[in-house]
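Student: Return a 3D structure for these sequence lines:
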Amino acid sequence: MLDIKFVRTHPDEVKENIKKKFQDYKLPMVDEVIELDAKSREAQQKASALRSERNRLSKQIGGLMAKGQKEEAEALKAKVAAEAKELEELEVQEKELAEKVTSIMMNIPQMIDPSVPVGKDDSCNVEVQKYGDPVVPDFDIPYHTDIMESFHGIDLDAARKVAGNGFYYLMGDIARLHSAVLAYARDFMIDRGFTYVIPPYMIHSNVVTGVMSFPEMDAMMYKIEGEDLYLIGTSEHSMIGRFIDEIIDEKQLPITLTSYSPCFRKEKGAHGIEERGVYRIHQFEKQEMIVVCKPEDSMYWFDQLWQNTVDLFRSLDIPVRTLECCSGDLADLKVKSVDVEAWSPRQKKYFEVGSCSNLGDAQARRLKIRVNGADGKKYLAHTLNNTVVAPPRMLIAFLENNLQADGTVKIPEVLRPYVGGKELLVP
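Tutor: Have a look, this model is predicted:
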């Protein structure tokens, strides 16, 4: 969310940013919120003046009563009573206007970084760099669930009966591989100086609206019926929510955390959940990384975060590439974002396995996450997040890239301690 002062003083820049995001229907919001803000400030000034006047008159009334001048005191009391009604009306107006301003401001997108390419949707995302050589073997690679089934490692039919499409049972070596990848990712991030955290898997609505835009919330979040609780779609939500209403000492920054959680997503608008695959599902597990830092350090940490994911995938012999997300593909709170995509030998193309985002001060403004600077002045922190690994999607890349012609799956050396020292998984 932007600072209303910035919108007030830079309306043309805000409108240009909206155009770059291809959200022209939001252009009238800028003039509307500026007008409402002016009315809100006017009401605040009038109310403040009346409160000052009330305090002044109250002191006078006390003085007159002490002197025995009851008639004059009663006249002032009548004036205070009349102004009290006006003040009450102004306070109601203040609240209504403030709520309208906040509601509109929550829908005006964050200012994107100048380096972000302009484009309407993800088809305009720009490849930045490839890491590792993508290989297409001289044997056919089965569909990922067929590979899993060869190990008796997945049961979609049973899951469908129990919970419907978008759920799965993982079993045996595949389930162990799933857990091994998460454990390896956890240790990988700990070795890079991040503190390991297991967060709450449910959050209150004020945290939800603090960490994501309304369209994201509608498309993703499951609400707990009858309670002010939502299942998290990613641990970033509860991890950033941890700092709500906090003032952090600048000496504590940067705060670098890596978190494990299950994730729950409605996947609304995903054109149906595929029956066979586990690429797009309602429930999965993920290792995440988040950073809370000073504004001047956020771009440095942005580059560090996506590089961590690249390094992890390369340590597992999986070729990847990075894509710069274009303006139209950025969620409203994001300043800049890079997707990491893994190579699929079966499809002969890359597919998304993680997304790194710099949200600037957007989440911090909504959640009131402030920093107490060395000079005693307070300012908003910057927040960033990135996927370390998110199986079972990551398992698709792992199985396809490590499958052998005889149906076995090789285990990279770094992962062997997490699967009991095995070098191969044998169907």
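Student: Output the contacting helices and strands for the helix or strand that Ser40 is a member of.
Tutor: Using DSSP states H and E, the element containing Ser40 is helix 27-66. Counting contacts by 3 or more C-beta pairs under 8 Å, 6 or more residues apart in numbering; DSSP states H and E, helix 27-66 packs against helix 4-9, helix 11-20, helix 70-105. Yep, even glycine has a C-beta here, placed from its N, CA and C like the rest.
Student: Out of those, which gets nearest to Cys293?
Tutor: Within the helices and strands packed on helix 27-66, the stretch nearest Cys293 is helix 4-9; the backing value is 20.7 Å (C-beta to C-beta).
Student: what does the closest one rub up against?
Tutor: By C-beta atoms under 8 Å, 6 or more residues apart in numbering, the surrounding residues in contact with helix 4-9 are 14, 30, 33-34, 37, 101, 105, 108.
Student: again, but for stretch 176-193
Tutor: Counting by C-beta under 8 Å, 6+ apart, 153, 170, 196, 256, 258, 260, 285, 287, 289, 308, 312, 315-316, 388-389, 391-392, 394-395, 398, 414-415, 418-419, 425 sit against stretch 176-193.
Student: Any figure for the gap between the residue lying farthest from the centre of the chain and Leu395?
Tutor: For the chain, the residue at maximal distance from the C-alpha centroid (C-alpha atoms, centre = their mean) is Gly68, at 65.0 Å. Gly68 sits 88 Å away from Leu395, going by C-beta to C-beta, to the nearest Å.
Student: And the strands in the stretch 151-300 of the chain?
Tutor: 154-155, 169-170, 195-197, 202-203, 222-223, 230-231, 247-249, 255-264, 283-293 (DSSP state E, counting those that start in this stretch).
Student: So which of those is the most surrounded?
Tutor: strand 283-293 (a mean of 23; mean count of other C-beta atoms under 10 Å).
Student: Name the strands paired with it and say parallel or antiparallel.
Tutor: When sheet partners are counted by DSSP bridges, strand 283-293 sits next to strand 255-264 (antiparallel), strand 382-389 (antiparallel).
Student: Just the C-alphas of that strand, formatted as CSV.
Tutor: Extracted C-alpha coordinates of strand 283-293, given in CSV (Å, rounded to 0.1, in the frame of the first residue of the first chain):
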residue,chain,number,x,y,z
GLN,A,283,-2.4,-28.9,-0.4
PHE,A,284,1.4,-29.1,-0.5
GLU,A,285,4.4,-28.5,1.7
LYS,A,286,7.0,-25.8,1.2
GLN,A,287,10.3,-24.4,2.6
GLU,A,288,10.2,-20.6,2.3
MET,A,289,12.7,-17.8,3.0
ILE,A,290,11.8,-14.3,4.1
VAL,A,291,13.8,-11.2,4.9
VAL,A,292,13.0,-8.0,6.9
CYS,A,293,15.6,-5.3,6.2
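Student: what is the rounded mean pLDDT of that strand?
Tutor: Taken as a whole, strand 283-293 has a mean pLDDT of 97.
Student: How far off centre is stretch 282-294?
Tutor: How far stretch 282-294 lies from its chain's middle: 9 Å, per C-alpha atoms, centre = their mean, to the nearest Å.
Student: Likewise for stretch 28-36?
Tutor: 26 Å.
Student: One more: stretch 208-218?
Tutor: 8 Å.
Student: if we compare the helices and strands packed on helix 27-66, which one ends up closest to His382?
Tutor: Of those, nearest to His382 by C-beta to C-beta is helix 4-9, at 15.5 Å.
Student: Go through the closest one and flag the buried ones.
Tutor: By neighbour count on 16 or more other C-beta atoms under 10 Å, the buried set for helix 4-9 is 4, 7.
Student: just for the stretch 1-150 of the chain, where's the confidence low?
Tutor: 57, 59, 61, 64, 66, 70, 73-74, 77-78, 80-83 (pLDDT under 70).
Student: Ok, the stretch 151-300 of the chain next?
Tutor: Using pLDDT under 70, the stretch 151-300 of the chain drops low at 268-275.
Student: Apply 50 and report the result again.
Tutor: Applying pLDDT under 50 to the stretch 151-300 of the chain flags the ranges 271.
Student: relative to helix 11-20, how tilted is the helix holding Ser40?
Tutor: Here the directions of helix 27-66 and helix 11-20 differ by 140 degrees (axes from the mean of the first three to the mean of the last three C-alpha atoms, to 10 degrees).
Student: coming back round to it: how about a markdown table for the helices and strands packed on helix 27-66, with distance to Ser123 added?
Tutor: Listed next are the helices and strands packed on helix 27-66 as a markdown table, based on distance: least, C-beta to C-beta, whole Å:
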| stretch | distance to Ser123 |
| --- | --- |
| helix 4-9 | 30 |
| helix 11-20 | 16 |
| helix 70-105 | 30 |
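Student: Ile396 belongs to a helix, doesn't it?
Tutor: Yes - judged by DSSP: H, G, I helix; E, B strand; the rest coil, Ile396 forms part of a helix.
Student: I'd say it and Phe284 touch.
Tutor: No - using C-beta atoms under 8 Å as the test, Ile396 is too far from Phe284 to be in contact (11.7 Å).
Student: Contact partners for Glu91?
Tutor: Ala47.
Student: What separation is there between it and Asp406?
Tutor: Shown here: Glu91 relative to Asp406, a distance of 77 Å by C-beta to C-beta.
Student: Please apply the same query to Gln44.
Tutor: In terms of C-beta to C-beta, Gln44 sits 75 Å off from Asp406.
Student: and these two? which has more neighbours close in?
Tutor: Gln44 (16 against 9; other C-beta atoms under 10 Å).
Student: Can you tell me the closest non-neighbouring residue to that one?
Tutor: Using C-beta to C-beta, 6 or more residues apart in numbering and skipping the chain neighbours, the partner closest in space to Gln44 is Glu94 (5.8 Å).
Student: The one you found and Glu42 touch, don't they?
Tutor: No - counting by C-beta under 8 Å, Glu94 sits too far from Glu42 to count as a contact (9.9 Å).
Student: higher neighbour count, the two?
Tutor: Applying other C-beta under 10 Å to Glu94 and Glu42 shows that Glu94 carries more neighbours, namely 19 against 14.
Student: OK, contacts around the more buried one?
Tutor: Contacts of Glu94 (C-beta under 8 Å, 6+ apart): 40, 43-44, 47.
Student: That'll do, ta.
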